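> After the sequence you'll find the predicted model.
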Amino acid sequence: MRETQHETAQLMMPQHANVLGHVFGGVVLSMMDTTAAVSAIRHARLACVTVSVDRVDFREPIHVGDLVIMKSSVNYVGRTSMEIGVRVETENLLTGVRRHTNSCYLTFVAVDRNGKPVPVPPLKPETPDEIRRYKAARERRASRLQERISERARLEP
């Protein structure tokens, strides 16, 4: 799991802001997707596409001038899919104060040149934290699959 970790940072500038001076949620979502993609591709060593983004709650605003830090890693691997966790923090560069502004789980699928899903290598959690994250991700995956089955049943005549 350690090899899938990725961290990136970007200074938020006026072009990232809404009329209140807060960073647009879409900017943050795009950064999360890109950060998660690096972890997914790093694990699979294949092209990967986003197939879902779990609920995203913006806990605190991000301001122009904040440094946004994204941290991601693969938490769980199925046959062709991977759950990637992303943690978003901000740092006020003048004070050094860091805040956790949101977290999210994204699911990616590895694909071949024709866009067809392909198997990915298994994940080997080693530390107690990695094992905890793996088990929690496995439970979230089971819930997602159950939701999909329930949704299909509702839509079928």
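Cool, got the structure. Numbering: from 1, shown residues only.

> Against Ile69, how distant is the residue nearest to Val77 when sequence neighbours are not counted?
Nearest residue to Val77, sequence neighbours excluded (CB to CB, 6 or more residues apart in numbering): Leu123, at 4.1 Å. Every C-beta, even on glycine, is put in place using the N, C-alpha and C of the backbone. Leu123 sits at a distance of 24 Å from Ile69 (criterion: CB to CB, to the nearest Å).

> Please settle this for me: is Leu29 part of a strand?
No. Counting by DSSP: H, G, I helix; E, B strand; the rest coil, Leu29 falls outside a strand, being helix.

> per-residue confidence at it?
As predicted, Leu29 sits at a pLDDT of 96.

> how much space between it and Arg59?
14 Å.

> and if you look at Glu3?
29 Å.

> quick one on the thing from earlier: what about Leu29 and Arg59, which has more around it?
When Leu29 and Arg59 are compared for neighbours, Leu29 comes out ahead with 17 against 11, by other CB atoms under 10 Å.

> follow-up on the earlier one: name the element the residue nearest to Val77 belongs to?
Counting by DSSP states H and E, no helix or strand carries Leu123.

> Check the gap between it and Ala40 for me.
Counting by CB to CB, the gap from Leu123 to Ala40 is 11 Å.

> shared neighbours of those two, which are they?
Overlap of the contact sets of Leu123 and Ala40 (by CB atoms under 8 Å, 6 or more residues apart in numbering) consists of Thr4, Val74, Met82.

> Near the second one, how many residues? Count them for me, please.
The reference is to Val74. For Val74, the neighbour count with other CB under 10 Å is 28.

> what's the answer for the one 5 residues further on, then?
Counted with other CB under 10 Å, residues neighbouring Arg79 total 11.

> so how far is Ile69 from it?
32 Å.

> how about the longest strand along the chain: buried residues?
Ordering each strand of the chain by length in residues (DSSP state E) puts strand 98-111 first. Buried residues in strand 98-111, counted by 16 or more other CB atoms under 10 Å: Thr101, Asn102, Ser103, Cys104, Tyr105, Leu106, Thr107, Phe108, Val109, Ala110, Val111.
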